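> missing the sequence, but the structure's below:
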DNA sequence: CTAACTACCTGAACGC
DNA sequence: TGCGTTCAGGTAGTTA
């Protein structure tokens, strides 16, 4: 099975949450077994607790447990959940953690081990720096265009790597950063963004994420929802993965560069510096 | 404190 | 065929 290019970002994690929530909420976790991993912290402490709710913040899934605990889950690049009781289940060497529930067994599968699982006192993210300083939810009212402009100007980093830090706004990864910057006509290298362009980017971020959620995320190869299905957003990508193809706005071939160590595709004409 | 760099991890794709 | 190299990427850790 191909394993790269999956990359769960906010729309993919939200799609997983929507399928996972009804299967976890109200369920009691009887036991947890996990392989020793750098990115797993006290996962076994979830045992004997009931999942009250499953929320999402950025790319993080947050399971509220009784007893004041919280199960924090991040899919990394290749993380996914599956249930033993589902049709077609077969044993798999990439299962890194197993949650025995009162009605089924949930498995966390993660080929590249970039995913993370942690049980913490609810809201105590001291060991999770990115979650602790996570920016606002882009599709909520707390994401404000003028505050976003100020936050963009706060850093001297290029705009795209700054978006990827999760600090000015939560949930943007490499795919939707390229898509939103293209839509807002902003050069990914820009180190300063004026108020009008910041507002355009604010709008573009909300649009690309909203549309991707409606299509249940982007699947290239192996991002899958809990029900095993693919997201339908891939054919709608305009920038990410489209290097060399003509820009749909102006026809200029899209250019791919490396920025902040990440592949970055943009239109050199309509995203001029 | 910020920003820049690197490690982590694995399999696909590529080059010879 | 087979082997080696490069690439993908979010986050955490280290360094300047």
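Received the coordinates, thanks. Treat the numbers as computed from the prediction; the structure is a model and nothing was measured.
> which residue ranges form the strands in the stretch 151-273 of chain A?
For the stretch 151-273 of chain A, the strands defined by DSSP state E, counting those that start in this stretch occupy A:255-259, A:262-266.
> what's the angle between the first one and strand A:262-266?
Meaning strand A:255-259. Here strand A:255-259 points in a direction 150 degrees away from that of strand A:262-266 (axes from the mean of the first three to the mean of the last three C-alpha atoms, to 10 degrees).
> average pLDDT across strand A:255-259?
For strand A:255-259, mean pLDDT rounds to 94.
> Over to the last one?
Mean pLDDT, computed over strand A:262-266, is 94.
> and that strand, how far out from the chain's middle?
Its chain's C-alpha centre and that of strand A:262-266 lie 18 Å apart, by C-alpha atoms, centre = their mean, to the nearest Å.
> in that strand, what's buried?
A:264, A:265, A:266 (16 or more other C-beta atoms under 10 Å). C-betas here are computed from N, CA, C, even on glycine.
> ok, the last one - contacts?
Residue A:266 makes contact with A:178, A:181, A:182, A:187, A:188, A:239, A:254, A:255, A:257 under the criterion C-beta atoms under 8 Å, 6 or more residues apart in numbering.
> from the buried residues of strand A:262-266, which is closest to DNA strand B?
The closest of the buried residues of strand A:262-266 to DNA strand B turns out to be residue A:264 (C-beta to the nearest atom of the strand; 13.6 Å).
> Hmm, residue A:158 and the closest one touching each other?
No - judged on C-beta atoms under 8 Å, residue A:264 makes no contact with residue A:158 at a distance of 9.4 Å.
> hey, what's in contact with both of the two?
Common neighbours of residue A:264 and residue A:158 (criterion: C-beta under 8 Å, 6+ apart): residue A:188.
> Next, count neighbours for the residue of chain A found nearest DNA strand C.
With C-beta to the nearest atom of the strand as the measure, residue A:173 is the residue of chain A nearest to DNA strand C, at 2.7 Å. Residues lying near residue A:173 (other C-beta atoms under 10 Å) number 22.
> quick one: the spatially closest residue to it that is not a sequence neighbour and DNA strand B, what's the gap?
Computed as C-beta to C-beta, 6 or more residues apart in numbering, the closest residue to residue A:173 that is not its neighbour in sequence is residue A:9, at 3.8 Å. To DNA strand B, residue A:9 is 17 Å away according to C-beta to the nearest atom of the strand, to the nearest Å.
> and residue A:9, what does it touch?
By C-beta under 8 Å, 6+ apart, residue A:9 lies in contact with A:59, A:171, A:172, A:173, A:174, A:175, A:176, A:217, A:218.
> Quick one: neighbours of the last one, just the number.
A total of 28 residues lie near residue A:218 under the criterion other C-beta under 10 Å.
> Having no further points to raise, I will conclude here.
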